[in-house]
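[1] Give me a 3D structure for the following:
(one chain, ligands or ions: 2)
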Amino acid sequence: MLNAQSVTVSLSDREIVHDVSLAIAAGEVVALLGPNGAGKSTLMRALAGIIPFAGTLSVDGRPTATMRAGERARAIAYLPQDHVVHWPISIANLVLLGRLPHQRFGQAVSAADRQAALTAMRMMQIEGLADRPATEVSGGELARALAARAIAQDTPVIIADEPAAGLDPAHQIRLMSAFRSLAAEGKAVLLSIHDIELAARWSDRVVMMSDGRIVADGAPGEAISAALLARVYGIKARIGHDECGLTLTPLGLSED
Ligand code: ADP
Ligand code: MG
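    Numbering: from 1, shown residues only. Ligands and ions are numbered 1, 2, ... in the order given. Purely as a prediction, here's the structure:
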């Protein structure tokens with residue numbers, strides 16, 4: 001579904017992402033892991049078309065370079081890491097903004113748009129916040145509203161940058177299970193996340209980034225090892241596997 005080949009991204013004359021190739025199939029949830037500054041957000045912003053990159057990217061076999069802006073927005077939804085809304089738009093209208101790529105210029109919001117927004121709001125359990133101004137909800141509530149906006153966009157590819165950050169455990173599970181059901185509908189989901197256990201439990205694959213490169217890519221149980229965590233994060237951790245999946249106990253820093 002999503003196919004990125006040899007993606008290299010430079011910012012302010014510095015090469016941040018080096019020659020990354022990544023393919024995500026329809027039906028797959030892929031967790032992007034890696035330390036702060038590894039280049040996860042930069043890679044995701046490039047794939048989402050926010051910043052320029054060298055390399056090729058296609059969705060469903062179609063190169064994004066040949067897509068118009070609207071077409072691209074119907075192919076890839078992007079949920080940014082920073083949740084900022086500066087104006088007091090209602091939560092319902094914020095989610096409806098996700099439907100913009102599906103609307104013709106000047107055309108009214110359709111029944112299908114409203115239905116898609118409502119379904120997304122139910123998935124994120126924010127129906128009760130519909131009339132609240134986005135500037136007057138909690139950080140976690142806003143994060144869920146923005147996730148709902150990306151879901152309402154109804155694209156074959158969803159790219160979400162740390163969507164679980166700041167959510168309580170129940171809403172983290174709700175979010176991950178929403179991504180799983182979107183994948184079950186045939187979408188491809190790429191999300192960055194710092195909670196390795198959560199990633200392992202809910203993703204088909206984990207991709208580990210370090211210093212702008214992919215250093216591991218595979219099924220969570222196989223790709224995540226104590227040696228990898230020591231090398232990439234500089235931590236000592238105990239890793240276990242039980243009927244609940246992978247468990248991880250950080251024990252300290254490698255140099256301790
Ligand atoms: P991550 O999301 O994995 O924490 P980022 O992609 O945000 O990492 O950042 C990767 C690296 O790129 C960091 O070293 C960061 O300082 C650098 N970086 C981010 N934005 C810019 C920018 N606009 N100009 C120069 N360097 C940047
Ligand atoms: Mg980031």
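[2] Helix, strand or coil: sort out the nearest residue to residue 245 once chain neighbours are set aside for me.
    Spatial nearest neighbour of residue 245, excluding adjacent residues (Cβ to Cβ, 6 or more residues apart in numbering): residue 201 at 4.7 Å. For every residue, glycine as well, the C-beta is placed using N, CA and C. Secondary structure state of residue 201, per DSSP: H, G, I helix; E, B strand; the rest coil, is helix.
[3] Do a quick rundown of the helices in the stretch 101-250 of the chain.
    Secondary structure of the stretch 101-250 of the chain (DSSP state H, counting those that start in this stretch): helices at 111-123, 139-152, 169-184, 196-202, 220-223, 226-233.
[4] would you list these in a markdown table and tack on distance to ligand 2?
    A markdown table is the format used below for the helices of the stretch 101-250 of the chain (distance: least, Cβ to the ion, whole Å):
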| stretch | distance to ligand 2 |
| --- | --- |
| helix 111-123 | 23 |
| helix 139-152 | 14 |
| helix 169-184 | 17 |
| helix 196-202 | 14 |
| helix 220-223 | 20 |
| helix 226-233 | 15 |
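[5] right, so the ones you listed: which one is the most enclosed?
    Mean neighbour counts were compared across those using mean count of other Cβ atoms under 10 Å; the top stretch is helix 139-152, at a mean of 24.
[6] Output the contacting helices and strands for that helix.
    Helices and strands touching helix 139-152, by 3 or more Cβ pairs under 8 Å, 6 or more residues apart in numbering; DSSP states H and E, are strand 76-79, helix 91-96, helix 111-123, strand 157-161, helix 169-184.
[7] Pull up the residues of the stretch 1-150 of the chain that are close to ligand 2.
    Residues of the stretch 1-150 of the chain lying near ligand 2 by Cβ under 5 Å from the ion: 40-41, 81.
[8] Give me the buried subset of these.
    Among these, those classed as buried by 16 or more other Cβ atoms under 10 Å are 40-41.
[9] Quick check: which of the residues of the stretch 1-150 of the chain next to ligand 2 has the minimum pLDDT.
    Lowest pLDDT of those: residue 81, 90.
[10] How much space separates that residue from residue 142?
    Plainly put, residue 81 is 13 Å away from residue 142 if you go by Cβ to Cβ, to the nearest Å.
[11] Give me the residues contacting stretch 123-135.
    With contact meaning Cβ atoms under 8 Å, 6 or more residues apart in numbering, stretch 123-135 is reached by 85-92, 94-95, 118, 121, 137, 141-142, 144-145, 147-148, 151, 171, 174-175, 178, 181.
[12] on that earlier part again, tabulate the helices of the stretch 101-250 of the chain in JSON lines, adding columns for mean pLDDT and distance to residue 64.
    Below are the helices of the stretch 101-250 of the chain laid out as JSON lines (pLDDT from 0 to 100; distance: least, Cβ to Cβ, whole Å):
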{"stretch": "helix 111-123", "mean pLDDT": "96", "distance to residue 64": "22"}
{"stretch": "helix 139-152", "mean pLDDT": "96", "distance to residue 64": "17"}
{"stretch": "helix 169-184", "mean pLDDT": "96", "distance to residue 64": "20"}
{"stretch": "helix 196-202", "mean pLDDT": "96", "distance to residue 64": "26"}
{"stretch": "helix 220-223", "mean pLDDT": "93", "distance to residue 64": "27"}
{"stretch": "helix 226-233", "mean pLDDT": "96", "distance to residue 64": "29"}
